[in-house]
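Visitor: Need coordinates for the below:
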Amino acid sequence: MSAGTALRNLQQAHAALKRARQALRVVRGGDDPEAAQGALRVGWEALARAHRLLADIPVAAANDAVMTKQLSVQRYATALLVRLRRLARNEVGEPGADGDDEDFEDEA
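Guide: Numbers count the residues shown, from 1 in each chain. Predicted coordinates for the structure are as follows:
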C-alpha cells in the first residue's frame, strides 16, 4: 500500500465516522429505541471499519501526512466511541450539553 492509498483509505474512514456521528445527532433526545439501536449499529460498524483500516497501514506507507491523518481519525473515532457508549447506557443528554456540537476536524 502506498502513502497515497493509505491517505485515501483514512479519508474514507473519516467520512464514515462523520456519517455515524450525524446518525447519532438525529436520534439524540428522541424516544425511539429502534432508531437509537440503528445509530449504535451504524456507529459501531464505522468504528470497526476505521480500526481495520488503521491496522492495515504498513510502516512503509507511514509518512508524516499519513500519521497526522491517522491521529485525526483516531481522535474522531474516540469521540464517536464516547457518544456510542452514552447511547448504549441511555445517557444521551440535551444537544450541546457535552460539547457534542464541537467538530473534530483534521489538523492537516
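
Visitor: For the chain, just list every one of the helices.
Guide: Secondary structure of the chain (DSSP state H): helices at 3-27, 33-55, 64-88.

Visitor: Next, format those helices as JSON lines and append mean neighbour count and mean pLDDT.
Guide: Backbone N, C-alpha and C define where each C-beta goes, glycine included. Below are those laid out as JSON lines (neighbours: other CB atoms under 10 Å; pLDDT from 0 to 100):
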{"stretch": "helix 3-27", "mean neighbour count": "18", "mean pLDDT": "90"}
{"stretch": "helix 33-55", "mean neighbour count": "16", "mean pLDDT": "89"}
{"stretch": "helix 64-88", "mean neighbour count": "17", "mean pLDDT": "93"}
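
Visitor: Determine how far stretch 9-19 lies from the middle of the whole chain.
Guide: For stretch 9-19, the separation from the chain centroid amounts to 7 Å (computed by CA atoms, centre = their mean, to the nearest Å).

Visitor: The chain should start at 44 in everything you say after this.
Guide: I'll keep to 44 as the first residue from here, and by that count the last item is stretch 52-62.

Visitor: List of residues touching it?
Guide: Identification of contacts with stretch 52-62 by CB atoms under 8 Å, 6 or more residues apart in numbering yields 44, 85, 89-90, 92-93, 96-97, 99-100, 109, 112-113, 115-116, 119-120, 123, 149.

Visitor: do that again at 10 Å, thanks
Guide: With contact meaning CB atoms under 10 Å, 6 or more residues apart in numbering, stretch 52-62 is reached by 44, 85-86, 88-90, 92-97, 99-100, 104, 108-109, 111-113, 115-117, 119-120, 122-124, 146-149.
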